[in-house]
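Colleague: A predicted structure for the sequence below; I have some questions about it.
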Amino acid sequence: TNLRYFSYLLFCLGLIITFASIFNLGNSASIGIPSEKTTLKTKGLYQYSRNPMYVGFNILTISSMILTLNPIILILGL
């Protein structure tokens with residue numbers, strides 16, 4: 001049960017990092033190549049990681065790997 005609670009904690013941390021990184025992008029959040037000129041983000045989470053959204057996604061993946069301990073999920077997660 002401690003492992004399950006740890007995975008829930010990681011899941012919440014991953015969500016917080018993902019949503020904070022989207023919030024820090026502001027108007028620069030877009031899909032694909034932006035049509036207008038954008039500036040490099042260096043504040044918020046972007047001062048620690050160039051891609052904090054991917055860090056959040058990876059933490060979410062690790063939490064699901066720990067929660068399920070399913071061999072298929074472990075292989076796909078790696």
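Modeller: Perfect, I can see it now. Numbers count the residues shown, from 1 in each chain.
Colleague: sec struct for the residue lying farthest from the centre of the chain, please.
Modeller: Each residue of the chain has a distance to the centre, and by Cα atoms, centre = their mean the biggest one is for Glu36: 25.7 Å. For Glu36, the secondary-structure state derived from DSSP: H, G, I helix; E, B strand; the rest coil is coil.
Colleague: measure it to Ile73 for me?
Modeller: 40 Å (Cβ to Cβ, to the nearest Å). Bear in mind the C-beta positions are built from the backbone N, C-alpha and C, glycine included.
Colleague: center of the protein - which residue?
Modeller: The centre of the chain sits closest to Gly56, judged by Cα atoms, centre = their mean, with a distance of 1.4 Å.
Colleague: state the distance from it to Cys12.
Modeller: In this view, Gly56 and Cys12 are 11 Å apart by Cβ to Cβ.
Colleague: stretch 53-68: which residues count as buried?
Modeller: Using 16 or more other Cβ atoms under 10 Å as the test for burial, stretch 53-68 gives Met53, Val55, Gly56, Ile59, Leu60, Thr61, Ile62, Ser63, Ser64, Met65, Ile66, Leu67.
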